[in-house]
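In: With the input below, show me the fold.
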Amino acid sequence: MTRVDVARQFKIERLAQGHAPRVLELCSGCGGLSLGLKSAGFELLAHVESDPTAAKTYALNLGARDARRASAWAAPRDMSRCTPATLMDDFGLVGRPSQVFDVLAAGLPCQAFARIGRSKLRSIEGDERAFKKDPRAKLYKRFLEYVRETRPLAVLIENVPDILNFGGHNVPEDICITLDRMGYRSAYTLLNAAYYGVPQLRERVILIGLHRSLDASPRFPVPTHHIDLPRGYEGSRTVALKHVAEEGSHFVEIPEPDDELPPAVSVRSALADLPFISEHFADPQVMRRRRVAEELPYRTVDSLSVYARSMRNWRQFSTKDWTDGHVVRLTPRDFPIFQHMPRGSDYPAAVAVAEDLFEKKLRELLAAGARVSNRSRRYERLWDETVPPYDSEKFPNKWWKFDPLAPSRTLTAHLGKDTYSHIHYDGRQKRTISVREAARLQSFPDGFRFAGEMNAAFRQIGNAVPPLLAAALGAVLRQSLVQAARKQLKRLSAA
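Out: Numbers count the residues shown, from 1 in each chain. This is a model prediction of the structure:
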């Protein structure tokens, strides 16, 4: 055997003996994927994250507790510059990189792959092909270099569906072909987080590779919840799958839920016990002073949902009577619009509500004897103070008010700049979602703390892999690894 063969054989023997699979995660963000893997029985050895605030959040929740090693978990790193060898030194790991890590995972940056991100890059650079020139679009190649250096038994990648059609290029297929040459059996598919107990319609590409020394093929988790996807998600799938060959590709059939499964978790089930927030309009100074880390008591509800209970009682992240993250945006013009928008409606409905409010204000002024002529300066000022300025035909999905009986739409990193895509279903609260509500919808437990202020916390949450989806992936992956390792060890012992 070569040195690498011996290293892999040692990993197989270790897993067969019941030890936890050891993980290195690249582009870890604040730790959604790692949290799910940890809850499924994996051991987190090291991570790489370039954003300082996200790295701090990861360390706060998942890093080492002793001061000497804690700094390594909180330090931001650029995966294109650091090496597995330097990571070994930084995290105090002994041996060669090829000997230590059983699993290499990554939630690679999606900005250059997602259609929204591509559009923004085109606008900024003034170049139709700017998204292809973005350095983040090439990080999957750096990931493959890490595979060569660390020789993991398994690889796991998460990304947006648009990575399947990156300017006509199917990136996951390219990754799988390269992994084939490196001795892996790999496959990818689309998973929707709502099928796995996350109260959010979030579709993502998941790629899994298992080294041939395991003599096993990748498997994906079976759905635990049922929902009929809205038409828009089916259309997005069609666009994303356009460059997936019907034969000969590494794409496997999308797991679909059985109609008899429990229904997908609704927004109301996810959020009903979190605090009633009114300070943003009742006493804005209170909201201006409130920090993300400030805690408030839970609401008393007639019946705590199974989902809410699981978010309160997540192992090592449990809470009792209080939780944090109850900060929201201060946008006074739009509070009445939030209040009167129909549940489940989007921006055109918001504009219609705003125009009705404007007409009511105008009638009240005229009835009071005010002189407000059509298109006068006072008329225009009243309009600007009441009606949002965006074209409803160009931005139909810019705003959206929750349907409390359905899962949320996808949370994105854009929450860091604008939360109007997720307006609370309770009109009495007249607001967009809080940080803790966003975390709940992404399936982060209530005891998970976020570093940084409101915008940074929203961005981290929107960028994250939902921990419940990661846990479902982790459970299947760990089972595959352990079963294959035991089978291989038994075969070698009999030889």
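
In: what helices or strands is the helix ranked longest in the chain leaning on?
Out: Using DSSP state H to define each element, the chain has its longest helix at helix 467-494. On a contact count with 3 or more Cβ pairs under 8 Å, 6 or more residues apart in numbering; DSSP states H and E, helix 467-494 meets helix 3-16, helix 32-39, strand 154-159, strand 203-211. C-betas here are computed from N, CA, C, even on glycine.

In: list the contacts for residue 287?
Out: When contacts are counted by Cβ atoms under 8 Å, 6 or more residues apart in numbering, residue 287 is found next to 279, 280, 327, 328, 330.

In: again, only this time at 6 Å
Out: 279, 280 (Cβ atoms under 6 Å, 6 or more residues apart in numbering).

In: For it, which three-state class applies?
Out: Secondary structure of residue 287, reduced to three states by DSSP: H, G, I helix; E, B strand; the rest coil: helix.

In: What residues sit buried inside the longest helix of the chain?
Out: Using 16 or more other Cβ atoms under 10 Å as the test for burial, helix 467-494 gives 467-478, 480-482, 484-486, 488-489.

In: Same question for stretch 65-74.
Out: Buried residues in stretch 65-74, counting neighbours by 16+ other Cβ under 10 Å, are found at 72, 73, 74.

In: Just give me the neighbour total for the spatially closest residue to the last one that is not a sequence neighbour.
Out: Spatial nearest neighbour of residue 74, excluding adjacent residues (Cβ to Cβ, 6 or more residues apart in numbering): residue 59 at 3.6 Å. Using other Cβ atoms under 10 Å, residue 59 has 22 neighbouring residues.

In: Please state the backbone phi and psi of residue 59?
Out: phi -60, psi -40 (degrees, to the nearest 10).

In: what does residue 387 give?
Out: According to degrees, to the nearest 10, residue 387 has phi -110, psi 130.

In: Same question for the one 10 residues further on.
Out: Backbone geometry at residue 397, expressed as degrees, to the nearest 10, gives phi -110, psi 10.

In: Now do the strands in the stretch 251-400 of the chain.
Out: Using DSSP state E, counting those that start in this stretch, the strands of the stretch 251-400 of the chain run over residues 295-297, 322-324.

In: I figured the residue nearest to residue 74 hits residue 76, correct?
Out: No. Using Cβ atoms under 6 Å, residue 59 makes no contact with residue 76, being 10.3 Å away.

In: which residue lies farthest from the center of the protein?
Out: residue 369 (53.6 Å; Cα atoms, centre = their mean).

In: so what's it up against?
Out: Per Cβ under 6 Å, 6+ apart, neighbours of residue 369: none.

In: ok, now residue 187?
Out: 218, 250, 252.

In: Report the residue spans of the protein with pLDDT below the cut-off.
Out: 1-4, 66-68, 110-136, 495 (pLDDT under 70).

In: Backbone torsions only: list them for residue 189.
Out: Dihedral angles for residue 189 - degrees, to the nearest 10 - are phi -160, psi -180.

In: Could you tell me how many residues sit around it?
Out: 19.

In: was I right about it contacting residue 249?
Out: No. Counting by Cβ under 6 Å, residue 189 stays clear of residue 249, with 10.8 Å between them.

In: Residue 105 belongs to a helix?
Out: No. Per three-state DSSP, residue 105 lies outside any helix segment and is strand.

In: For it, give the beta-bridge partners.
Out: residue 25, residue 156 (DSSP bridges).

In: so it touches residue 26, yeah?
Out: No. With contact defined as Cβ under 6 Å, residue 105 does not reach residue 26; the gap is 7.3 Å.

In: more crowded one of these two?
Out: For residue 105 versus residue 26, the count of surrounding residues by other Cβ under 10 Å is larger for residue 105: 30 against 23.

In: Now do that one against residue 382, distance only.
Out: For residue 105, the distance to residue 382 equals 54 Å [Cβ to Cβ, to the nearest Å].

In: now do residue 480
Out: Remark: distance between residue 480 and residue 382 (Cβ to Cβ) = 63 Å.

In: just so I have it, where are all the helices in the stretch 201-350 of the chain?
Out: For the stretch 201-350 of the chain, the helices defined by DSSP state H, counting those that start in this stretch occupy 231-240, 267-271, 279-282, 284-289, 306-312, 335-340, 347-367.

In: Share the number of residues neighbouring the spatially closest residue to residue 445 that is not a sequence neighbour, please.
Out: Spatial nearest neighbour of residue 445, chain neighbours left out: residue 314 (3.3 Å); criterion: Cβ to Cβ, 6+ apart. If you count neighbours by other Cβ under 10 Å, residue 314 ends up with 21.

In: go on, residue 334?
Out: 22.

In: Tell me which residues touch it, please.
Out: Residue 334 neighbours (Cβ under 6 Å, 6+ apart): none.

In: Likewise for the one 3 residues further on?
Out: The neighbours of residue 337, taking Cβ under 6 Å, 6+ apart as the test, are 350, 353, 354.

In: what about it, distance to residue 347?
Out: Residue 337 is 10 Å from residue 347, by Cβ to Cβ.

In: returning to that earlier point: the buried residues of stretch 65-74 into TSV, with extra columns for distance to residue 93 and secondary structure?
Out: Below are the buried residues of stretch 65-74 laid out as TSV (distance: Cβ to Cβ, whole Å; DSSP: H, G, I helix; E, B strand; the rest coil):
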residue	distance to residue 93	secondary structure
72	10	helix
73	13	helix
74	17	helix
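
In: With distance to residue 417 as added columns, please give the residues you listed in CSV.
Out: Putting the buried residues of stretch 65-74 into CSV (distance: Cβ to Cβ, whole Å) gives the following:
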residue, distance to residue 417
72, 31
73, 27
74, 25
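
In: Out of the residues you listed, which comes closest to residue 241?
Out: Nearest to residue 241 among the buried residues of stretch 65-74, counting by Cβ to Cβ, is residue 73 at 37.9 Å.
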